[in-house]
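Chemist: Kindly return the folded structure for what I paste below:
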Amino acid sequence: MNLSLSLARAFPPLPKVLLCVSLICAPLSADAFSLTQSPAQVPVMMLKPLIKVRPVRRYTSAKILLHLSEDDNDLVDASVSPTLYTPIDRPLLAIVDTVGLTIFALIGKSSHSSDGPVDLVGVFSTAFPFITAWLATSPITGIYSPDERGGDTNMATSTAIKVAKGWAVAIPLGIVLRGLLKGYAPPLPFVVVTLITTLAILAATRVLFNIVENLFVELI
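Modeler: From the prediction side, this is the model:
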């Protein structure tokens, strides 16, 4: 502004022109070089179309608590893993069963030849069809599945039930096999005595085996 006035005095023909120019440029220069000028503020509403904000998804893991009783647990285990147990899984127990069926045949042969020596070949030939049927049907009957640990009463009961399951299938099959090997149908008294004797001997030998096994486990 002062510069414009001094130029107007030095050059009289130009006072009005310089005065107008100085008046126009002075506010513009002040705004241009002002350090306190606040930055331009743009309303947020104008920027919304330009900003794409993706919604944040929060994933939460769902936890399902399933309570199973002991009975339900047994059902789940039985349905998920239907394991077939064979004599190879419990070889000692298979030997005990074989001995029990051999004792049955020995008792039968001894009753028929009380005066003379026992025919060992006849004993093994009598026991063979029953041993074969007992071992062959074991994966189906489950007679070599793990035993439940418990008291003497529970052990004896569970052992008798397991033996009865195998006995109901294997012994009638053994009678049929023996009849096929002999070439004739066995008489009814033999069938009745065989069913009763084999059930008693197999249950007794298994109970004794389980008692000895439990004592051995406790000692270890």
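Chemist: Please look at residue 197 and residue 103 and confirm they touch.
Modeler: No - using C-beta atoms under 8 Å, residue 197 makes no contact with residue 103, being 9.3 Å away. C-beta: built from backbone N, CA, C; applies to glycine.
Chemist: ok, now how distant is residue 185 from residue 84?
Modeler: According to C-beta to C-beta, to the nearest Å, residue 185 stands 32 Å off from residue 84.
Chemist: hang on, I meant residue 98
Modeler: Counting by C-beta to C-beta, the gap between residue 98 and residue 84 amounts to 20 Å.
Chemist: When these two are compared, which one has more neighbours?
Modeler: residue 98 (17 against 11; other C-beta atoms under 10 Å).
Chemist: Now for the protein, the helix or strand with the poorest mean pLDDT.
Modeler: Among the helical and strand segments of the chain, the one scoring lowest on mean pLDDT, DSSP states H and E is helix 70-80, with a mean of 46.
Chemist: quick one: contacts for the nearest residue to residue 204 once chain neighbours are set aside?
Modeler: What sits nearest to residue 204 in space, not counting adjacent residues and going by C-beta to C-beta, 6 or more residues apart in numbering, is residue 100, at 7.8 Å. The contact partners of residue 100, by C-beta atoms under 8 Å, 6 or more residues apart in numbering, come to 198, 201-202, 204-206.
Chemist: Please check these and keep the buried ones.
Modeler: If you count burial by 16 or more other C-beta atoms under 10 Å, the buried members of those come out as 198, 201-202, 205-206.
Chemist: Could you list which of the residues you listed belong to helices?
Modeler: 198, 201-202, 205-206 (DSSP state H).
Chemist: Nearest to residue 160, out of these: which one, please.
Modeler: Out of these, the one with the shortest distance to residue 160 is residue 206. That distance is 8.3 Å, counting by C-beta to C-beta.
Chemist: Show the contacting residues for the closest one.
Modeler: Residues in contact with residue 206 (C-beta under 8 Å, 6+ apart) are 93, 96-97, 100, 159, 162-163.
Chemist: same question, residue 163
Modeler: 143, 199, 202-203, 206.
Chemist: at 10 Å instead, please
Modeler: Under the criterion of C-beta atoms under 10 Å, 6 or more residues apart in numbering, the neighbours of residue 163 are 97, 100, 141, 143, 198-207.
Chemist: Dump the C-alpha coordinates for stretch 113-133 into PDB.
Modeler: The C-alpha trace of stretch 113-133 is given here as PDB (Å, rounded to 0.1, in the frame of the first residue of the first chain):
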ATOM      1  CA  SER A 113     -15.100-146.800  29.800                       C
ATOM      2  CA  SER A 114     -15.000-147.000  33.600                       C
ATOM      3  CA  ASP A 115     -13.200-150.400  33.600                       C
ATOM      4  CA  GLY A 116     -10.500-149.800  31.000                       C
ATOM      5  CA  PRO A 117      -8.000-147.000  30.200                       C
ATOM      6  CA  VAL A 118      -9.300-143.700  28.800                       C
ATOM      7  CA  ASP A 119      -9.100-143.400  25.000                       C
ATOM      8  CA  LEU A 120      -7.200-140.100  24.500                       C
ATOM      9  CA  VAL A 121      -7.900-140.100  20.800                       C
ATOM     10  CA  GLY A 122     -11.600-140.500  21.500                       C
ATOM     11  CA  VAL A 123     -11.400-137.600  24.000                       C
ATOM     12  CA  PHE A 124      -9.800-135.300  21.500                       C
ATOM     13  CA  SER A 125     -12.200-136.400  18.700                       C
ATOM     14  CA  THR A 126     -15.100-135.700  20.900                       C
ATOM     15  CA  ALA A 127     -13.800-132.300  22.100                       C
ATOM     16  CA  PHE A 128     -12.700-131.200  18.600                       C
ATOM     17  CA  PRO A 129     -16.100-130.100  17.100                       C
ATOM     18  CA  PHE A 130     -17.000-128.200  20.200                       C
ATOM     19  CA  ILE A 131     -13.700-126.400  20.400                       C
ATOM     20  CA  THR A 132     -13.800-125.500  16.800                       C
ATOM     21  CA  ALA A 133     -17.400-124.200  17.100                       C
END
